[in-house]
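K.L.:
Coordinates for the following, if possible.
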Amino acid sequence: MESSTPRNIPTPPVEGVSELIQQLEQDRAWLLEQIDRGRWPDFRLDLAALERELGQLLRRAAEQRSTDP
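P.N.:
Alright, predicted model coming up:
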């Protein structure tokens, strides 16, 4: 039976992952600011849901990074 976890994906350097998480946090903050300012009213609900999911993903990624050896 196959595992759902990829096995041959190289692990990026720690600073690369941390920088990526930080950049995505900044992008998320920008998106939230734009939503709050009333941009893209037709897509507000979808963008808000995307922002929440991105926030959850980034929290999990940061937690995983802090527990990895």
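
K.L.:
Which strands and helices lie in contact with the least confident helix or strand in the chain by mean pLDDT?
P.N.:
Among the helices and strands of the chain, helix 14-36 carries the lowest confidence by mean pLDDT, DSSP states H and E, at a mean of 88. Helix 14-36 sits against helix 44-67, with contacts defined as 3 or more C-beta pairs under 8 Å, 6 or more residues apart in numbering; DSSP states H and E. Where you see a C-beta, it was placed from the backbone N, CA and C, and this is true even at glycine.

K.L.:
just how off-centre is the helix it packs on within its chain?
P.N.:
5 Å (C-alpha atoms, centre = their mean, to the nearest Å).

K.L.:
and that helix, what does it pack onto?
P.N.:
Going by 3+ C-beta pairs under 8 Å, 6+ apart, helix 44-67 lies up against helix 14-36.

K.L.:
I'd like to check what contacts the helix it packs on. Which residues are they?
P.N.:
12, 40, 44, 47-48, 50-51, 54-55, 58, 61-62, 65 (C-beta atoms under 8 Å, 6 or more residues apart in numbering).

K.L.:
Out of those, which one has the lowest pLDDT?
P.N.:
The weakest per-residue confidence within the contacts of helix 14-36 falls on P12 (55).

K.L.:
If we ignore the residues flanking it in sequence, what's nearest A48?
P.N.:
Sequence neighbours aside, I35 is the residue nearest to A48 in space, at 5.8 Å (criterion: C-beta to C-beta, 6 or more residues apart in numbering).

K.L.:
could you check the distance from that neighbour over to A29?
P.N.:
11 Å (C-beta to C-beta, to the nearest Å).

K.L.:
Then D42?
P.N.:
22 Å.

K.L.:
returning to what we had before: output the least confident helix or strand of the chain as PDB, restricted to C-alpha atoms.
P.N.:
This file holds the C-alpha atoms of helix 14-36, laid out as PDB (Å, rounded to 0.1, in the frame of the first residue of the first chain):
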ATOM      1  CA  VAL A  14      15.700  26.200   6.900                       C
ATOM      2  CA  GLU A  15      16.100  29.900   6.000                       C
ATOM      3  CA  GLY A  16      14.300  29.300   2.700                       C
ATOM      4  CA  VAL A  17      11.200  27.900   4.400                       C
ATOM      5  CA  SER A  18      11.200  30.600   7.100                       C
ATOM      6  CA  GLU A  19      11.500  33.300   4.400                       C
ATOM      7  CA  LEU A  20       8.700  31.700   2.400                       C
ATOM      8  CA  ILE A  21       6.400  31.500   5.500                       C
ATOM      9  CA  GLN A  22       7.200  35.200   6.300                       C
ATOM     10  CA  GLN A  23       6.500  36.300   2.700                       C
ATOM     11  CA  LEU A  24       3.200  34.400   2.700                       C
ATOM     12  CA  GLU A  25       2.300  36.100   6.000                       C
ATOM     13  CA  GLN A  26       3.000  39.500   4.500                       C
ATOM     14  CA  ASP A  27       0.900  38.600   1.400                       C
ATOM     15  CA  ARG A  28      -1.900  37.400   3.600                       C
ATOM     16  CA  ALA A  29      -1.800  40.700   5.600                       C
ATOM     17  CA  TRP A  30      -2.000  42.600   2.400                       C
ATOM     18  CA  LEU A  31      -4.900  40.600   1.100                       C
ATOM     19  CA  LEU A  32      -6.800  41.200   4.400                       C
ATOM     20  CA  GLU A  33      -6.100  44.900   4.200                       C
ATOM     21  CA  GLN A  34      -7.400  45.000   0.700                       C
ATOM     22  CA  ILE A  35     -10.600  43.100   1.700                       C
ATOM     23  CA  ASP A  36     -11.100  45.500   4.600                       C
END
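
K.L.:
Perfect, that will be all.
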